[in-house]
Every structure is written in C-alpha cells, then in structure tokens.
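1. I'd like to go over a predicted model; first the sequence, then the structure.
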Amino acid sequence: MRLCLNKTDKPVLQSQQGYTLVEAIIAIAVCGFGLAMILGLYGMSIKTAMVSKTIFEQSVVINSIADEINLSVMTESPVNLVQRVAAILANKYPDYYLSEIKAAHPNNLYEIEIIHKGINCNERKFYIKVFWSQNE
C-alpha cells in the first residue's frame, strides 16, 4: 500500500501492484523448504518399501524351509536330522547352510540354526524349532 495526499491534503491509501523483492524471496524459500521436506519423505518411503520387500521375501523363503523340514521329519524314514536338513538346503536353497542343531529343553525338540550368506557377504542367522524323534 502506498500513502498519497489528495487535493484536500488528506492521506489516501492506494494499492500497489505486485510483490516486493523481499516478499518474493521469502515465498520462494518457504516453497523450496516445503518441497525439500516432501522429497525427503518420498525418498524415505521408497527406502522403507525396499527394506520391507526384502524382509518379506526372506520370510517366505525361511517359512518354506521350515515347512519342508517339518514335512520331511514327519514323512521320511528315520535318518540323521543333520543329514535331512543339509540335504534340503543343498537341493533347493544353495545360499542357505546349516550351522548347528541344538537339542532344546523338552524331549525331541530341536533348534536348527540356518545361515544365509547375502549379496554383500553379510550373514544372517535364522532359527527353526522342530520336533523330531529317531524312532518315528
């Protein structure tokens, strides 16, 4: 707004057209900050989606391994549990290998530790619990 004097020496307010340079710079800065925040959130959501997809895929594979081990334990003739698990992993899951099998507290309960060696040579451990008796 600009202040002008009319013929009777009374101040009259007249509107200006456009914005000042300071107003324009502040508006651009606010819009730029908002845009940077939105792009940052978008980038984080993409990263989270990729991590979630990887975790889901590994979960599906581990559940498949657990199902095959449990099915093998129930249906096949009695052999060594270590040999069964190693055979399943060697035949269908080459990136996974058997680390150890520990007998858990209750009778016939075993904890199987399976290690997955990833792309970057990162090792991830997974644990599966199985009921198994050699006499079944």
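-> That came in fine, so what should we check first? Numbers count the residues shown, from 1 in each chain.
2. longest helix in this structure, by number of residues?
-> The helix that spans the most residues within the chain, counting by DSSP state H, is helix 21-75.
3. next, the buried residues of the helix or strand just after it.
-> Counting by DSSP states H and E, the next helix or strand C-terminal to helix 21-75 is helix 81-92. The neighbour-count check on helix 81-92 (16 or more other Cβ atoms under 10 Å) flags 81, 84-85, 88-89 as buried. Every C-beta, even on glycine, is put in place using the N, C-alpha and C of the backbone.
4. packing partners for whichever helix or strand comes after helix 81-92?
-> Downstream of helix 81-92, the first helix or strand assigned by DSSP H and E is strand 96-103. Identification of packing neighbours for strand 96-103 by 3 or more Cβ pairs under 8 Å, 6 or more residues apart in numbering; DSSP states H and E yields helix 81-92, strand 109-117.
5. let's see that with 10 Å instead.
-> helix 21-75, helix 81-92, strand 109-117, strand 123-131 (3 or more Cβ pairs under 10 Å, 6 or more residues apart in numbering; DSSP states H and E).
6. mind giving me the packing neighbours of the first one?
-> It refers to helix 21-75. Secondary elements touching helix 21-75 (3+ Cβ pairs under 10 Å, 6+ apart): helix 81-92, strand 96-103, strand 109-117, strand 123-131.
7. hmm, try it at 6 Å
-> Packing contacts for helix 21-75, counted by 3 or more Cβ pairs under 6 Å, 6 or more residues apart in numbering; DSSP states H and E, involve helix 81-92, strand 123-131.
8. could I get the ones you listed as TSV with mean pLDDT and distance to residue 99?
-> Shown next, in TSV, are the helices and strands packed on helix 21-75 (pLDDT from 0 to 100; distance: least, Cβ to Cβ, whole Å):
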stretch	mean pLDDT	distance to residue 99
helix 81-92	85	10
strand 123-131	85	7
